[in-house]
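Undergrad: I'd like to go over a predicted model; first the sequence, then the structure.
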Amino acid sequence: KAGVTQTPRYLIKTRGQQVTLSCSPISGHRSVSWYQQTPGQGLQFLFEYFSETQRNKGNFPGRFSGRQFSNSRSEMNVSTLELGDSALYLCASNLGQGNSPLHFGNGTRLTVT
Amino acid sequence: QKEVEQDPGPLSVPEGAIVSLNCTYSNSAFQYFMWYRQYSRKGPELLMYTYSSGNKEDGRFTAQVDKSSKYISLFIRDSQPSDSATYLCAMPGANNLFFGTGTRLTVIP
């Protein structure tokens, strides 16, 4: 079974621009979660989508948004980029039921200059 | 206070050593406990998953949970250079998974 796939792997943007990251979950997984990972803060939860609906949301500003498609693929968008948005963005999928463990992709490394 | 606290290290040990990695947590409602391993330039991968207090063993890895002390540990026996990675503890809350900041481990040949 293919794992979680994230594209692109690396991205360089300038302040004020916007960016869209993509995630394809493991086949059969209906829940997709997004996390931001930085050296200082570790992994911080952005949001979770299940059956095309945002089910949970972390404490990030409205510049961070996402969506999920009918095939469970998900995209995350960050508008008006700031230097502090430089991070590894990780997507994870699971069955979306109970406490089924998260399976992560290898992330998109975003650098904002 | 953070939900999950983890010593960031770094931790450097010789090959063959026993490694102990630890996390504390503040929310007594946490029932499940996970350990993830993250290699450089990779995403975290699930290593161990436990529910109850006590020990769970998987090969060279042992996960230990002490709910009364809100303390979990991961032991690695006969550590190998291939174990060099960042280890993250994680606990599912009501809406998302809470992670420790991770402990970077280096096993020196």
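TA: Nice, I can see it.
Undergrad: how about the strands of chain A, start to end?
TA: Under the criterion DSSP state E, strands of chain A are mapped to A:5-7, A:10-13, A:19-24, A:31-38, A:42-50, A:53-57, A:64-68, A:74-78, A:87-94, A:103-104, A:108-112.
Undergrad: just chain B next, same as before
TA: Using DSSP E, strands in chain B cover B:4-6, B:11-14, B:19-25, B:33-38, B:45-50, B:54-58, B:61-66, B:71-76, B:85-92, B:97-99, B:103-108.
Undergrad: Quick one: list the elements packing against the third one.
TA: Judged by 3 or more Cβ pairs under 8 Å, 6 or more residues apart in numbering or on different chains; DSSP states H and E, the packing partners of strand B:19-25 are strand B:4-6, strand B:11-14, strand B:71-76, strand B:85-92, strand B:103-108. (Each C-beta comes from the backbone N, C-alpha and C, glycine too.)
Undergrad: just the angle between the last one and strand B:19-25, please?
TA: I take that to be strand B:103-108. Interaxial angle of strand B:103-108 relative to strand B:19-25 (axes from the mean of the first three to the mean of the last three Cα atoms, to 10 degrees): 180 degrees.
Undergrad: State the mean pLDDT of strand B:103-108.
TA: What strand B:103-108 shows for mean pLDDT is 96.
Undergrad: What lies in contact with that strand?
TA: Contacts to strand B:103-108, defined as Cβ atoms under 8 Å, 6 or more residues apart in numbering or on different chains, come from residues B:6-15, B:17, B:19, B:21, B:76, B:79-88.
Undergrad: so can I have a markdown table of the strands of chain B showing distance to A:Gln6 and mean neighbour count?
TA: Output for the strands of chain B, formatted as a markdown table (distance: least, Cβ to Cβ, whole Å; neighbours: other Cβ atoms under 10 Å in any protein chain shown):
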| stretch | distance to A:Gln6 | mean neighbour count |
| --- | --- | --- |
| strand B:4-6 | 24 | 20 |
| strand B:11-14 | 29 | 13 |
| strand B:19-25 | 26 | 19 |
| strand B:33-38 | 14 | 23 |
| strand B:45-50 | 14 | 17 |
| strand B:54-58 | 27 | 12 |
| strand B:61-66 | 27 | 18 |
| strand B:71-76 | 26 | 20 |
| strand B:85-92 | 18 | 23 |
| strand B:97-99 | 17 | 23 |
| strand B:103-108 | 23 | 17 |
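Undergrad: Nearest to the spatial middle of chain A, which residue is it?
TA: Centroid-nearest residue in chain A, with Cα atoms, centre = their mean: A:Trp34, separated by 3.2 Å.
Undergrad: since we're on the closest residue to it other than its chain neighbours, how many residues are nearby?
TA: Among residues not flanking A:Trp34 along the chain, A:Leu46 sits closest, at 4.1 Å (Cβ to Cβ, 6 or more residues apart in numbering or on different chains). For A:Leu46, the count of nearby residues is 23 (other Cβ atoms under 10 Å in any protein chain shown).
Undergrad: Surely A:Leu46 touches A:Gln37?
TA: No - counting by Cβ atoms under 8 Å, A:Leu46 sits too far from A:Gln37 to count as a contact (10.6 Å).
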